[in-house]
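[1] This is a predicted model, with the sequence first.
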Amino acid sequence: MSLLTLERETTDAPVVATERLLWVGPLTILTSIVAVHVVRLAALTVVRVPEGSPMSVSLGWIAPTADTIILCSLAVIVFAIIASFSDDPLRTFQYVAGGALLVSFLPALIMAPRGMNGSVSVVVTLILMHIAAYVPCVTMMPRLTSVELLERPS
């Protein structure tokens, strides 16, 4: 037993098996991509974006996919770092991810009065797409990597 193991055993916080991130990370990213595009496709049945507008790129196929891959990959890396150094990694990651989600709303909210001609529906769609990417990162990834008390190595 290492000092780190002893220290973590004294807390009630779950331990994260970071080696599981080798398969949970890509699964989380893929799930987030699917969720973003489900929201995107559902919104496009209601929201009409004029061709050539700046938001037609944001609601296309490439930008949401690339953004989701990049930002969810960053979430996996941040989760691995937090899991390595935090006494309560799941709660710490939820706080960090929640803050990152709120920060991710800023570009849509800043651009709303300018480039979107005040289209609230486009802003809401972008925010919902961010939430769709957020949910697998804060629910599925921590749940699939946490080690229950009975599974903890001795």
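    Right, received. Where do you want to start?
[2] quick one: contacts for Leu59?
    40, 43-44, 47, 49, 122, 125-126 (C-beta atoms under 8 Å, 6 or more residues apart in numbering). Where C-beta positions appear, they are placed from N, C-alpha and C, glycine not excepted.
[3] Buried subset of those residues, written for PyMOL?
    Listed next is the PyMOL selection for buried residues among these, using 16 or more other C-beta atoms under 10 Å:
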select buried, resi 40+43+47+49+122+125+126
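[4] Now for the contacts of Leu59: which two are most distant?
    Pairwise distances across those peak at 12.2 Å for Leu44 and Leu126 (criterion: C-beta to C-beta).
[5] in this protein, which spans are helices?
    Assigned by DSSP state H, the helices in the chain fall at 3-9, 21-44, 54-58, 62-85, 89-111, 120-145.
[6] Turn those into JSON lines, including distance to Val15 and mean pLDDT.
    Output for those, formatted as JSON lines (distance: least, C-beta to C-beta, whole Å; pLDDT from 0 to 100):
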{"stretch": "helix 3-9", "distance to Val15": "6", "mean pLDDT": "47"}
{"stretch": "helix 21-44", "distance to Val15": "13", "mean pLDDT": "95"}
{"stretch": "helix 54-58", "distance to Val15": "39", "mean pLDDT": "73"}
{"stretch": "helix 62-85", "distance to Val15": "9", "mean pLDDT": "94"}
{"stretch": "helix 89-111", "distance to Val15": "8", "mean pLDDT": "91"}
{"stretch": "helix 120-145", "distance to Val15": "9", "mean pLDDT": "92"}
